[in-house]
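# Okay, here's the prediction I keep looking at, along with the sequence it came from:
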There are 2 protein chains.
Amino acid sequence: MLKNAEFTNKLRSSGLRPTKQRLKICEVLFNRDHTFHFTINDLAKNISRELNEKISLATVYNTVHAFKKKGYLKEISINSDKSYFDTNTTNHHHFFDEDTNELIDCDDKIIETPKIKKNILGKKINSVEVLVKVATDNQNQK
Amino acid sequence: MLKNAEFTNKLRSSGLRPTKQRLKICEVLFNRDHTFHFTINDLAKNISRELNEKISLATVYNTVHAFKKKGYLKEISINSDKSYFDTNTTNHHHFFDEDTNELIDCDDKIIETPKIKKNILGKKINSVEVLVKVATDNQNQK
DNA sequence: CAACAGTTTAGAATAATTATAATATATTAT
DNA sequence: ATAATATATTATAATTATTCTAAACTGTTG
(Lines give C-alpha, C1' and ligand atoms only; values in the text may rest on other atoms or scores of the structure.)
Protein backbone atom coordinates (compact mmCIF):
# COMPACT_ATOMS: atom_id res chain seq x y z
CA MET A 1 0.00 0.00 0.00
CA LEU A 2 1.92 2.98 -1.27
CA LYS A 3 1.42 6.36 0.23
CA ASN A 4 0.65 9.62 -1.33
CA ALA A 5 4.18 10.84 -0.78
CA GLU A 6 5.60 7.92 -2.70
CA PHE A 7 3.36 8.56 -5.65
CA THR A 8 4.30 12.20 -5.47
CA ASN A 9 7.95 11.26 -5.84
CA LYS A 10 7.28 8.79 -8.55
CA LEU A 11 5.39 11.35 -10.57
CA ARG A 12 7.78 14.17 -9.95
CA SER A 13 10.78 12.08 -10.83
CA SER A 14 9.33 11.37 -14.23
CA GLY A 15 8.49 14.99 -14.88
CA LEU A 16 4.78 14.81 -14.14
CA ARG A 17 3.29 17.25 -11.68
CA PRO A 18 1.73 15.42 -8.80
CA THR A 19 -1.74 16.86 -9.01
CA LYS A 20 -4.68 15.81 -6.87
CA GLN A 21 -6.21 13.95 -9.79
CA ARG A 22 -3.06 12.08 -10.74
CA LEU A 23 -2.47 11.00 -7.17
CA LYS A 24 -5.98 9.67 -6.88
CA ILE A 25 -5.60 7.79 -10.13
CA CYS A 26 -2.33 6.32 -8.84
CA GLU A 27 -4.14 5.07 -5.77
CA VAL A 28 -6.84 3.41 -7.79
CA LEU A 29 -4.40 1.89 -10.26
CA PHE A 30 -1.42 0.91 -8.21
CA ASN A 31 -2.69 0.15 -4.72
CA ARG A 32 -3.80 -3.31 -5.72
CA ASP A 33 -2.62 -6.80 -5.11
CA HIS A 34 -2.82 -7.85 -8.70
CA THR A 35 -2.56 -6.75 -12.22
CA PHE A 36 -5.43 -4.59 -13.31
CA HIS A 37 -6.84 -4.68 -16.83
CA PHE A 38 -9.17 -1.84 -17.58
CA THR A 39 -10.69 0.50 -20.09
CA ILE A 40 -10.63 4.21 -19.43
CA ASN A 41 -14.31 4.06 -18.72
CA ASP A 42 -13.84 1.30 -16.16
CA LEU A 43 -11.23 3.39 -14.49
CA ALA A 44 -13.40 6.49 -14.40
CA LYS A 45 -16.18 4.44 -12.80
CA ASN A 46 -13.79 2.93 -10.26
CA ILE A 47 -12.63 6.37 -9.31
CA SER A 48 -16.07 7.67 -8.59
CA ARG A 49 -17.01 4.49 -6.76
CA GLU A 50 -13.85 3.87 -4.74
CA LEU A 51 -13.00 7.45 -4.01
CA ASN A 52 -16.44 8.94 -4.11
CA GLU A 53 -15.19 11.74 -6.22
CA LYS A 54 -15.42 12.57 -9.87
CA ILE A 55 -12.52 13.29 -12.14
CA SER A 56 -13.32 14.61 -15.56
CA LEU A 57 -13.23 11.92 -18.21
CA ALA A 58 -10.85 14.04 -20.26
CA THR A 59 -8.44 14.06 -17.34
CA VAL A 60 -8.65 10.32 -17.01
CA TYR A 61 -7.79 10.02 -20.69
CA ASN A 62 -4.93 12.49 -20.35
CA THR A 63 -3.56 10.78 -17.29
CA VAL A 64 -3.73 7.27 -18.64
CA HIS A 65 -1.93 8.36 -21.75
CA ALA A 66 0.66 10.26 -19.75
CA PHE A 67 1.22 7.19 -17.57
CA LYS A 68 1.51 5.01 -20.63
CA LYS A 69 4.12 7.31 -22.12
CA LYS A 70 6.09 7.17 -18.89
CA GLY A 71 5.88 3.39 -18.85
CA TYR A 72 3.56 3.01 -15.86
CA LEU A 73 0.89 1.42 -17.99
CA LYS A 74 0.85 -0.66 -21.07
CA GLU A 75 -1.80 -0.76 -23.73
CA ILE A 76 -3.29 -4.12 -24.64
CA SER A 77 -4.93 -4.99 -27.92
CA ILE A 78 -7.22 -7.97 -27.77
CA ASN A 79 -10.52 -6.51 -28.70
CA SER A 80 -10.25 -3.78 -31.21
CA ASP A 81 -13.39 -2.00 -30.18
CA LYS A 82 -11.96 -0.48 -27.02
CA SER A 83 -8.54 0.25 -25.63
CA TYR A 84 -7.50 -1.79 -22.64
CA PHE A 85 -4.64 -0.91 -20.36
CA ASP A 86 -2.61 -3.04 -18.03
CA THR A 87 -0.73 -2.18 -14.85
CA ASN A 88 1.64 -5.05 -15.58
CA THR A 89 4.16 -3.36 -17.84
CA THR A 90 6.60 -6.21 -18.09
CA ASN A 91 6.91 -8.30 -21.20
CA HIS A 92 4.38 -11.06 -20.58
CA HIS A 93 1.91 -13.39 -22.20
CA HIS A 94 -1.85 -13.72 -22.06
CA PHE A 95 -4.61 -16.24 -21.99
CA PHE A 96 -7.82 -14.83 -23.35
CA ASP A 97 -11.02 -16.62 -22.45
CA GLU A 98 -13.39 -16.11 -25.33
CA ASP A 99 -16.37 -17.28 -23.30
CA THR A 100 -16.01 -14.65 -20.61
CA ASN A 101 -13.68 -12.11 -22.27
CA GLU A 102 -11.37 -12.54 -19.32
CA LEU A 103 -7.70 -11.82 -19.87
CA ILE A 104 -5.10 -13.52 -17.71
CA ASP A 105 -1.45 -12.57 -17.48
CA CYS A 106 1.24 -15.15 -17.35
CA ASP A 107 4.97 -15.43 -17.66
CA ASP A 108 7.24 -17.92 -19.35
CA LYS A 109 6.73 -20.47 -16.62
CA ILE A 110 3.25 -20.97 -18.06
CA ILE A 111 3.79 -20.10 -21.70
CA GLU A 112 7.20 -20.49 -23.22
CA THR A 113 8.65 -17.36 -24.78
CA PRO A 114 9.13 -18.34 -28.41
CA LYS A 115 12.37 -18.08 -30.32
CA ILE A 116 12.63 -15.75 -33.26
CA LYS A 117 14.37 -17.87 -35.83
CA LYS A 118 14.81 -15.06 -38.31
CA ASN A 119 14.49 -11.39 -37.49
CA ILE A 120 13.08 -10.59 -40.88
CA LEU A 121 13.21 -6.82 -40.56
CA GLY A 122 16.58 -6.65 -38.85
CA LYS A 123 15.30 -4.05 -36.41
CA LYS A 124 15.50 -4.06 -32.66
CA ILE A 125 13.01 -6.43 -31.05
CA ASN A 126 11.05 -4.55 -28.42
CA SER A 127 8.70 -7.28 -27.31
CA VAL A 128 7.75 -10.86 -27.95
CA GLU A 129 4.36 -11.71 -26.58
CA VAL A 130 2.08 -14.67 -26.92
CA LEU A 131 -1.69 -14.63 -26.93
CA VAL A 132 -3.52 -17.87 -26.33
CA LYS A 133 -7.24 -17.87 -27.02
CA VAL A 134 -9.28 -20.49 -25.25
CA ALA A 135 -12.94 -21.38 -25.03
CA THR A 136 -15.22 -24.17 -23.99
CA ASP A 137 -15.19 -26.73 -26.78
CA ASN A 138 -17.74 -26.62 -29.67
CA GLN A 139 -19.14 -23.15 -30.58
CA ASN A 140 -17.46 -19.88 -29.78
CA GLN A 141 -15.35 -18.84 -32.68
CA LYS A 142 -17.43 -15.71 -32.34
CA MET B 1 -7.50 -16.06 -60.02
CA LEU B 2 -10.84 -17.42 -58.94
CA LYS B 3 -13.89 -16.92 -61.04
CA ASN B 4 -17.25 -15.54 -60.17
CA ALA B 5 -18.79 -19.01 -60.27
CA GLU B 6 -16.35 -20.29 -57.70
CA PHE B 7 -17.11 -17.48 -55.33
CA THR B 8 -20.79 -18.09 -55.90
CA ASN B 9 -20.36 -21.69 -54.77
CA LYS B 10 -18.22 -20.74 -51.86
CA LEU B 11 -20.80 -18.27 -50.63
CA ARG B 12 -23.78 -20.48 -51.25
CA SER B 13 -22.17 -23.45 -49.55
CA SER B 14 -21.78 -21.45 -46.39
CA GLY B 15 -25.32 -20.18 -46.48
CA LEU B 16 -24.62 -16.71 -47.81
CA ARG B 17 -26.52 -15.47 -50.81
CA PRO B 18 -24.16 -14.67 -53.63
CA THR B 19 -25.17 -11.11 -54.26
CA LYS B 20 -23.49 -8.73 -56.70
CA GLN B 21 -21.87 -6.86 -53.83
CA ARG B 22 -20.54 -9.91 -52.06
CA LEU B 23 -19.07 -11.28 -55.26
CA LYS B 24 -17.29 -8.02 -55.92
CA ILE B 25 -15.96 -7.95 -52.41
CA CYS B 26 -14.70 -11.51 -52.86
CA GLU B 27 -12.84 -10.44 -55.96
CA VAL B 28 -11.15 -7.57 -54.21
CA LEU B 29 -10.30 -9.62 -51.14
CA PHE B 30 -9.38 -13.01 -52.46
CA ASN B 31 -8.01 -12.50 -55.96
CA ARG B 32 -4.62 -11.51 -54.61
CA ASP B 33 -1.20 -13.06 -54.48
CA HIS B 34 -0.63 -12.27 -50.85
CA THR B 35 -2.23 -11.78 -47.54
CA PHE B 36 -4.19 -8.58 -47.33
CA HIS B 37 -4.43 -6.59 -44.13
CA PHE B 38 -7.07 -3.92 -44.26
CA THR B 39 -9.55 -1.77 -42.44
CA ILE B 40 -13.10 -1.60 -43.67
CA ASN B 41 -12.43 1.85 -44.96
CA ASP B 42 -9.41 0.66 -46.91
CA LEU B 43 -11.56 -2.02 -48.44
CA ALA B 44 -14.32 0.39 -49.38
CA LYS B 45 -11.75 2.61 -51.09
CA ASN B 46 -10.21 -0.34 -52.90
CA ILE B 47 -13.60 -1.35 -54.18
CA SER B 48 -14.37 2.01 -55.68
CA ARG B 49 -10.86 2.28 -57.12
CA GLU B 50 -10.36 -1.24 -58.44
CA LEU B 51 -13.88 -1.89 -59.57
CA ASN B 52 -14.97 1.63 -60.31
CA GLU B 53 -18.17 1.05 -58.50
CA LYS B 54 -19.45 2.02 -55.13
CA ILE B 55 -20.82 -0.32 -52.52
CA SER B 56 -22.51 1.24 -49.54
CA LEU B 57 -20.25 1.42 -46.53
CA ALA B 58 -22.90 -0.36 -44.48
CA THR B 59 -22.78 -3.26 -46.89
CA VAL B 60 -19.04 -3.45 -46.67
CA TYR B 61 -19.34 -3.62 -42.88
CA ASN B 62 -22.06 -6.25 -43.09
CA THR B 63 -20.13 -8.33 -45.57
CA VAL B 64 -16.83 -8.23 -43.75
CA HIS B 65 -18.54 -9.32 -40.57
CA ALA B 66 -20.44 -12.05 -42.36
CA PHE B 67 -17.18 -13.28 -43.92
CA LYS B 68 -15.49 -13.20 -40.56
CA LYS B 69 -18.26 -15.26 -39.01
CA LYS B 70 -17.90 -17.79 -41.80
CA GLY B 71 -14.16 -17.93 -41.28
CA TYR B 72 -13.11 -16.25 -44.53
CA LEU B 73 -11.53 -13.39 -42.67
CA LYS B 74 -9.88 -12.98 -39.36
CA GLU B 75 -9.85 -9.91 -37.20
CA ILE B 76 -6.51 -8.59 -36.04
CA SER B 77 -5.92 -6.52 -32.93
CA ILE B 78 -2.65 -4.69 -32.93
CA ASN B 79 -3.73 -1.11 -32.88
CA SER B 80 -6.82 -0.64 -30.89
CA ASP B 81 -8.04 2.44 -32.66
CA LYS B 82 -9.36 0.64 -35.73
CA SER B 83 -10.34 -2.89 -36.64
CA TYR B 84 -8.02 -4.62 -39.04
CA PHE B 85 -8.90 -7.75 -40.94
CA ASP B 86 -6.70 -10.36 -42.52
CA THR B 87 -7.32 -12.69 -45.44
CA ASN B 88 -4.87 -15.12 -43.88
CA THR B 89 -7.15 -17.04 -41.54
CA THR B 90 -4.62 -19.64 -40.50
CA ASN B 91 -3.02 -19.59 -37.09
CA HIS B 92 0.06 -17.47 -37.66
CA HIS B 93 2.43 -15.00 -36.09
CA HIS B 94 3.19 -11.37 -36.75
CA PHE B 95 6.00 -8.89 -36.81
CA PHE B 96 4.76 -5.39 -36.18
CA ASP B 97 7.04 -2.55 -37.25
CA GLU B 98 6.39 0.29 -34.86
CA ASP B 99 8.18 2.77 -37.10
CA THR B 100 5.95 2.22 -40.09
CA ASN B 101 2.94 0.42 -38.55
CA GLU B 102 3.55 -2.38 -41.01
CA LEU B 103 2.30 -5.80 -40.07
CA ILE B 104 4.01 -8.86 -41.52
CA ASP B 105 2.67 -12.39 -41.34
CA CYS B 106 4.93 -15.29 -40.66
CA ASP B 107 4.71 -18.92 -39.76
CA ASP B 108 6.67 -21.11 -37.37
CA LYS B 109 9.63 -21.29 -39.71
CA ILE B 110 10.32 -17.68 -38.74
CA ILE B 111 8.86 -17.54 -35.25
CA GLU B 112 8.64 -20.68 -33.21
CA THR B 113 5.17 -21.57 -31.96
CA PRO B 114 5.53 -21.54 -28.18
CA LYS B 115 4.65 -24.39 -25.92
CA ILE B 116 1.89 -23.96 -23.38
CA LYS B 117 3.40 -25.45 -20.27
CA LYS B 118 0.24 -25.21 -18.25
CA ASN B 119 -3.22 -24.70 -19.69
CA ILE B 120 -4.35 -22.70 -16.71
CA LEU B 121 -8.02 -22.53 -17.63
CA GLY B 122 -8.30 -26.11 -18.84
CA LYS B 123 -10.37 -25.00 -21.82
CA LYS B 124 -9.85 -25.79 -25.45
CA ILE B 125 -6.99 -23.83 -26.99
CA ASN B 126 -8.23 -22.15 -30.13
CA SER B 127 -5.13 -20.27 -31.13
CA VAL B 128 -1.59 -19.56 -30.05
CA GLU B 129 -0.16 -16.54 -31.74
CA VAL B 130 2.98 -14.51 -31.28
CA LEU B 131 3.37 -10.80 -31.81
CA VAL B 132 6.85 -9.40 -32.15
CA LYS B 133 7.17 -5.65 -32.03
CA VAL B 134 10.24 -4.16 -33.62
CA ALA B 135 11.57 -0.69 -34.24
CA THR B 136 14.74 1.13 -35.11
CA ASP B 137 16.83 1.32 -31.96
CA ASN B 138 16.67 4.30 -29.54
CA GLN B 139 13.28 6.12 -29.29
CA ASN B 140 10.00 4.63 -30.38
CA GLN B 141 8.29 3.14 -27.43
CA LYS B 142 5.52 5.40 -28.62
C1' DC C 1 3.32 36.19 -3.49
C1' DA C 2 3.72 37.01 -8.50
C1' DA C 3 4.39 35.00 -12.85
C1' DC C 4 4.41 31.12 -15.68
C1' DA C 5 3.90 26.67 -17.36
C1' DG C 6 1.37 22.75 -17.00
C1' DT C 7 -3.32 20.69 -15.84
C1' DT C 8 -8.15 20.14 -15.47
C1' DT C 9 -12.59 20.71 -17.13
C1' DA C 10 -17.13 20.68 -19.65
C1' DG C 11 -18.54 20.45 -23.68
C1' DA C 12 -17.91 20.39 -28.76
C1' DA C 13 -15.89 17.86 -32.52
C1' DT C 14 -14.41 13.76 -34.84
C1' DA C 15 -14.19 9.05 -36.33
C1' DA C 16 -15.41 4.33 -36.31
C1' DT C 17 -19.09 1.48 -36.06
C1' DT C 18 -23.93 -0.04 -35.57
C1' DA C 19 -28.92 0.59 -36.05
C1' DT C 20 -33.03 1.74 -38.81
C1' DA C 21 -36.41 1.18 -42.00
C1' DA C 22 -37.45 1.66 -46.75
C1' DT C 23 -36.24 -0.40 -51.16
C1' DA C 24 -34.28 -4.01 -53.87
C1' DT C 25 -32.80 -8.63 -54.85
C1' DA C 26 -32.37 -13.63 -54.43
C1' DT C 27 -34.69 -17.88 -53.42
C1' DT C 28 -38.72 -20.93 -53.05
C1' DA C 29 -42.93 -22.69 -53.92
C1' DT C 30 -46.58 -22.54 -57.18
C1' DA D 1 -41.81 -18.15 -65.29
C1' DT D 2 -44.32 -15.66 -61.50
C1' DA D 3 -45.75 -14.71 -56.96
C1' DA D 4 -44.62 -14.92 -52.27
C1' DT D 5 -40.96 -14.88 -48.90
C1' DA D 6 -36.86 -14.23 -46.86
C1' DT D 7 -32.62 -11.96 -47.04
C1' DA D 8 -29.59 -7.94 -48.56
C1' DT D 9 -28.60 -3.32 -49.64
C1' DT D 10 -28.80 1.40 -48.95
C1' DA D 11 -28.75 6.20 -47.23
C1' DT D 12 -29.02 8.17 -43.26
C1' DA D 13 -29.43 8.63 -38.32
C1' DA D 14 -27.71 7.13 -33.92
C1' DT D 15 -24.26 5.58 -30.93
C1' DT D 16 -19.80 5.11 -28.83
C1' DA D 17 -15.03 5.84 -27.98
C1' DT D 18 -11.78 9.16 -28.21
C1' DT D 19 -9.65 13.68 -29.08
C1' DC D 20 -9.85 18.66 -29.26
C1' DT D 21 -10.66 23.32 -27.45
C1' DA D 22 -10.24 27.16 -24.81
C1' DA D 23 -11.25 28.99 -20.39
C1' DA D 24 -10.42 28.42 -15.49
C1' DC D 25 -7.35 26.49 -12.15
C1' DT D 26 -3.14 24.67 -9.73
C1' DG D 27 1.63 23.56 -8.94
C1' DT D 28 6.19 25.33 -9.24
C1' DT D 29 9.87 28.68 -9.37
C1' DG D 30 11.95 32.81 -8.29
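Here it is on my side, so go on.
# any idea how far residue A:11 is from residue A:66?
Residue A:11 sits at a distance of 9 Å from residue A:66 (criterion: CB to CB, to the nearest Å). C-beta here means a position set from N, CA and C on the backbone, and glycine is covered the same way.
# So for the two, which residue has more residues nearby?
Between residue A:11 and residue A:66, counting by other CB atoms under 10 Å in any protein chain shown, residue A:11 is the more crowded of the two (20 against 17).
# For that one, which three-state class applies?
In terms of secondary structure, residue A:11 is helix; the call rests on DSSP: H, G, I helix; E, B strand; the rest coil.
# What residues of stretch A:76-95 count as buried?
Under the neighbour-count criterion of 16 or more other CB atoms under 10 Å in any protein chain shown, stretch A:76-95 has A:76-80, A:83-88, A:92-95 buried.
# Grab the nearest non-local neighbour of residue A:110.
Closest residue to residue A:110 apart from its sequence neighbours, by CB to CB, 6 or more residues apart in numbering or on different chains: residue B:118 at 5.0 Å.
# Is the strand ranked longest in chain A in proximity to chain B?
Taking residue count as the measure and DSSP state E as the definition, the longest strand of chain A comes out as strand A:124-135. Yes - using CB under 8 Å from any CB of the partner chain, strand A:124-135 comes into contact with chain B via A:124, A:125, A:126, A:127, A:128, A:129, A:130, A:131, A:132, A:133, A:134, A:135.
# Excluding residues flanking it in the chain, which one is nearest the third one?
Of all residues beyond its chain neighbours, the one nearest residue A:126 is residue B:133 (4.6 Å), with distances taken as CB to CB, 6+ apart.
# Next, count neighbours for that neighbour.
Quick note: residue B:133 (other CB under 10 Å) scores 21 neighbours.
# does it really touch residue A:123, like I thought?
No - contact criterion CB atoms under 8 Å: residue B:133 and residue A:123 do not qualify, at 9.5 Å.
# Could you name every residue contacting both of the two?
A shared contact of residue B:133 and residue A:123, defined by CB atoms under 8 Å, 6 or more residues apart in numbering or on different chains, is any residue touching both; here there are none.
# Show me what the longest strand of chain A is packed up against.
Contact partners of strand A:124-135 among helices and strands, from 3 or more CB pairs under 8 Å, 6 or more residues apart in numbering or on different chains; DSSP states H and E: strand A:93-97, strand B:124-135.
# downstream neighbour of the shortest one in the secondary structure list?
Taking DSSP states H and E as the definition, the helix or strand that follows strand A:93-97 towards the C-terminus is strand A:102-106.
# before we move on, back to that, out of the helices and strands packed on strand A:124-135, which gets nearest to residue A:23?
Put simply, out of these the one that sits nearest residue A:23 is strand A:93-97, at 29.5 Å, with distance taken as CB to CB.
# Each with direction, which strands does the closest one pair with?
The strands beside strand A:93-97 in its sheet (DSSP bridges) come out as strand A:102-106 (antiparallel), strand A:124-135 (parallel).
# How much space separates residue A:118 from residue A:131?
To residue A:131, residue A:118 is 21 Å away according to CB to CB.
# got it, and residue A:123?
As it turns out, when the distance is counted by CB to CB, residue A:123 lies 21 Å from residue A:131.
# Residue A:48 now?
Spatial separation of residue A:48 from residue A:131 under the definition CB to CB is 32 Å.
# What of residue A:85?
Going from residue A:85 to residue A:131 by CB to CB gives 16 Å.
# Which residue ranges of chain A form strands?
Taking DSSP E as the criterion, chain A carries its strands at A:37-38, A:74-76, A:84-86, A:93-97, A:102-106, A:124-135.
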